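**Student:** predicted coordinates and the sequence they were generated for:
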Amino acid sequence: MNILVIGSGGREHTLAWKLAQSPKADKIYALPGNPGMADVAMCVEGIAITDNASIVDFAQKHAIGLVVVGPEVPLTNGLVDAVTAAGIKAFGPTQAAAQIEGSKSFSKDLMKKYGIPTAKYEVFTEADAAREYIRKEGAPIVIKADGLAAGKGVIVAMTEDEALQAVADIMEDKEFGNAGSRVVIEEFMEGEEASLLCFTDGKTICPMISSQDHKRAYDGDKGPNTGGMGTYAPAPVMTDKMVQETYDKILVPTIKAMEQEGKPYKGCLYAGLMITADGPKVVEFNARFGDPETQVVLPLLNSDLVEIMLACADGTLAEQQIDWSKEAAVCVVMAAGGYPKSYNKGDAITGLEEAKAAGALVFHAGTAHKDGNIVTDGGRVLGVVAKAENVRAAVDKAYAGVEKISFKDAFYRKDIAHRALER
């Protein structure tokens, strides 16, 4: 079967790498892909990931049997609907179902209606009303742009001034464009964050291995929020009991709620969780694989990803036996100096093969070809991943890989998985 992966980041590189291991995969195309993906896929340039008609046309001409959509933008743009209408199987939710990520107010209203545990919240379309609410509630408090903001539209404000500034940045200065025309303001939840992704065909739900992301730019969870500076799996905070509770109280009710609302959900549902004194509560839902969570979760999957994705599309997930490794995996993100603010592009990257020789997997997130070299082309440049018998060994192996790689002003956190190690 020919498979088309949509996207160009570390998540998509990981997806293509895992799909390529399946005996069912004949040829993999990546649109647009990245230099790292060229080892496992043919990269397709010149078609925008938002151009549904051209993607469908490409899929028909190249006898694609499965389209795997990586990022959120093509999902909320209805790519799965367009591909499915053309008679091609797709992994991912429809445009209507992808609202669970595309609109934070939709997802919060859904949780309120169906009693799914989450933080108390209000939605605002006027900055003055939002400011008034902040003054009434006080800090700490969480301000979220309603729409898609590439994982960066959330400000955890520890002071009232920070919260007021966040409203100004999002609603008045349009820091995240139209995504900030509405804001969701939530109570601050105490606890430890974790992520639990699941495969679903709209009825059956199969949780993946839990993971924990590191959102802040600098060691000690300091600095601005980013798209994610590293991850590890499994997350010790997600005990078997906690995974079961999340399944019973969050995943099952959410998939049932989406069906009730006439928006049946298929694909990967990502539950970003806060593990509070009252149990797990939803911080946010994503309508796709997480980035960089995918980079640690999929290397621990022993089963055939193509078979699982086809079962999700066909509604036969209940027939799948999904097997996971007992190992741990760690991902360290190497970023461009200045990220998440402005950063340089076009700097040569060296040591990629040496990192692989040291036992690391290297997933490209923001790279390009230039003058025969692989160069930096994004804020998060590489995800350096290692698997081992436990988190400590995986951490050591991942950083051994990181040390082999260099590019101008590269920076990375040196404390990935610190919570697991402290336990």
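**Tutor:** Ah, there it is.
**Student:** residue 74 - that's part of a strand, no?
**Tutor:** No: in this structure, residue 74 is helix, not part of a strand, as judged by DSSP: H, G, I helix; E, B strand; the rest coil.
**Student:** three-state assignment of residue 263?
**Tutor:** From three-state DSSP, the assignment for residue 263 is coil.
**Student:** I'd say it and residue 95 touch.
**Tutor:** No: taking CB atoms under 8 Å as the definition, residue 263 is not a contact partner of residue 95, at 9.2 Å. The C-beta positions use only the backbone N, C-alpha and C, and glycine is treated the same way.
**Student:** how's the chain carved up into domains?
**Tutor:** 2-94, 120-187, 192-319, 328-422 (automatic domain parsing).
**Student:** now the end-to-end length of the longest one.
**Tutor:** I take that to be domain 192-319. One end of domain 192-319 sits 34 Å from the other (CA to CA, to the nearest Å).
**Student:** residues making contact with the host helix or strand of residue 311?
**Tutor:** Using DSSP states H and E, residue 311 sits in helix 305-314. Helix 305-314 is contacted from outside by 1, 3, 15, 18-19, 21-22, 24-25, 66, 68, 89-91, 199-201, 206, 266-267, 298, 317, 319-320, 322, using CB atoms under 8 Å, 6 or more residues apart in numbering.
**Student:** and those residues, which are buried?
**Tutor:** Among the contacts of helix 305-314, those classed as buried by 16 or more other CB atoms under 10 Å are 1, 3, 15, 18-19, 22, 25, 66, 68, 89-91, 199-201, 206, 266-267, 298, 317, 320, 322.
**Student:** residue 291: what secondary structure?
**Tutor:** coil.
**Student:** same question for the one 5 residues further on.
**Tutor:** When the structure is reduced to helix, strand and coil (three-state DSSP), residue 296 reads as helix.
**Student:** any idea how far it lies from residue 263?
**Tutor:** From residue 296 over to residue 263 the distance is 29 Å, taken as CB to CB, to the nearest Å.
**Student:** more crowded one of the two?
**Tutor:** residue 296 (33 against 19; other CB atoms under 10 Å).
**Student:** OK, contacts around the more buried one?
**Tutor:** Contacts of residue 296 by CB under 8 Å, 6+ apart are 211, 231, 232, 233, 329, 330, 331, 385.
**Student:** what's the neighbour count on residue 62?
**Tutor:** Neighbours around residue 62, by other CB under 10 Å: 13.
**Student:** neighbours of the residue nearest to it when sequence neighbours are not counted, how many?
**Tutor:** Nearest residue to residue 62, sequence neighbours excluded (CB to CB, 6 or more residues apart in numbering): residue 2, at 5.9 Å. By the criterion of other CB under 10 Å, residue 2 has 15 neighbours.
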